[in-house]
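Undergrad: Fold the following, please.
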Amino acid sequence: RGKDSAMRQTAVGALLAGLLGGVSELSLYGIHLHHRRVYRWLLAGCAAGGVTSAVFGWLFPSVLPSGQMVRGVTTTAFAFSSLLTIPVFDRMWVYALSIAVAFVMAMVLTVLFGYRTPSRATKTQMVSADENARPQDMARGIDTTVSDVESAEDSPSRAAPDRALDSNAILSPVAGRLVNLEATGDPVFASRALGEGVGVVPETTGETAVLAPVSGMLKTVARTGHAFGIKTDGGIEVLVHIGIDTVDMDGEGFAVVVAKGERIAAGEPLATVDFGKVAAAGRSVVVVVTVVNAAELTVVTPLIGDGSGDNNGGDCKTVSAGSPIIDVEQ
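TA: Alright, predicted model coming up:
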């Protein structure tokens, strides 16, 4: 459902190990510790399974080999809990029912409410949208090229920004101070899970226009206005993420001026953002720009260091809106 192939592979292996072998470490280290939101659904399922076991165990007591009656599920063997060890429990059907209730409830809650936090879910959806759009873009390549030529001839204002695209320079969406991804305060960006890039701490605290860093097609426009995905004609996929955890603001302070599927030129506005409201909400105002498909390109170089700052710590040079901040070699 989430269209995350890596998660699907991990989940299938962890599921089989848990159901057939009673081994939970794969789930714990592969999924749960990375997505702690899922614990609330697991605990709800465990509670429901425990209540089921207690109620039916009381109503249908088990009998020990000594003849003693016990109100609850019992076993005389040491065994991991799994589908294959159900027969060692008494009453067997009560035990099977209780783990079925626990499993189904946890699964249903996870499907309904998700295992990712809202901010992580938005980032993952943007990556998935870009990946799903690639085959369609290739099929439309000829038509797109023709329309680009026609629009460039008809609109000189759009022809100039396209020259920035030819140099494969990704431009700063706002004026401010550059920081590397480790200094953004977001572990997802710091891990480069969403590609190589930089952060820009805006120099203004009021309403500011956030500009497109490249020319291309808008593949993703977040409803809340905090994130945009752009794919250039050359296949470079760029993510612009305004602030950290700003999805929780539900669009307050964000005025989007573009729509998904539109073409945009580098330097044209994506949205107007009130960074004062973002800061007042307790959120980081850093604007993160990453090349999502950096692994498919030859070199992606953040243009942070100029001798005036600490590349490892994060503080580096200041830039104006429209200045190159990332260089890409395809």
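Undergrad: Okay, buried residues for stretch 19-32 please.
TA: Leu26, Ser27, Gly30, Ile31, His32 (16 or more other Cβ atoms under 10 Å). For glycine as for every other residue, the C-beta is placed from the backbone atoms N, C-alpha and C.
Undergrad: any idea which helix or strand carries the second one?
TA: If you go by DSSP states H and E, Ser27 is part of helix 25-27.
Undergrad: For that helix, give me every contacting residue.
TA: Thr10, Gly13, Ala14, Leu15, Ala17, Gly18 (Cβ atoms under 8 Å, 6 or more residues apart in numbering).
Undergrad: Just these: which are in strands?
TA: Per DSSP state E, strands hold no members of the contacts of helix 25-27.
Undergrad: now, among the residues you listed, which is nearest to Glu262?
TA: Thr10 (36.0 Å; Cβ to Cβ).
Undergrad: So that closest one sits against Leu33, correct?
TA: No: using Cβ atoms under 8 Å, Thr10 makes no contact with Leu33, being 12.0 Å away.
Undergrad: okay, these two: which has more neighbours?
TA: Legend: neighbour count by other Cβ atoms under 10 Å for Thr10 and Leu33, higher for Thr10 (17 against 11).
Undergrad: Any figure for the gap between that one and Asn293?
TA: Distance, Thr10 to Asn293, by Cβ to Cβ, to the nearest Å: 22 Å.
Undergrad: who touches Val285 in this structure?
TA: Val201, Pro202, Thr205, Gly243, Phe275, Val278, Ala279.
Undergrad: what about the fourth one, helix or strand, and which?
TA: Think Gly243. Counting by DSSP H and E, Gly243 is part of strand 237-244.
Undergrad: buried ones in stretch 96-113?
TA: Leu97, Ser98, Ile99, Val101, Ala102, Phe103, Met105, Ala106, Leu109, Thr110.
Undergrad: Okay, buried residues for stretch 52-60 please.
TA: Thr52, Ser53, Phe56, Gly57.
Undergrad: now swap in stretch 270-277 and tell me
TA: By neighbour count on 16+ other Cβ under 10 Å, the buried set for stretch 270-277 is Leu270, Ala271, Val273, Asp274, Phe275, Lys277.
Undergrad: Just to be sure, which of the residues you listed are found in helices?
TA: Phe275, Lys277 (DSSP state H).
Undergrad: so can I have TSV of the buried residues of stretch 270-277 showing distance to Asn168 and pLDDT?
TA: Formatted as TSV, these follow (distance: Cβ to Cβ, whole Å; pLDDT from 0 to 100):
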residue	distance to Asn168	pLDDT
Leu270	20	95
Ala271	24	94
Val273	26	94
Asp274	32	93
Phe275	29	94
Lys277	34	93
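Undergrad: Could you dump the buried residues of stretch 270-277 into a markdown table and include distance to Phe89?
TA: Output for those, formatted as a markdown table (distance: Cβ to Cβ, whole Å):
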| residue | distance to Phe89 |
| --- | --- |
| Leu270 | 59 |
| Ala271 | 58 |
| Val273 | 58 |
| Asp274 | 60 |
| Phe275 | 59 |
| Lys277 | 57 |
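Undergrad: Lovely, talk soon.
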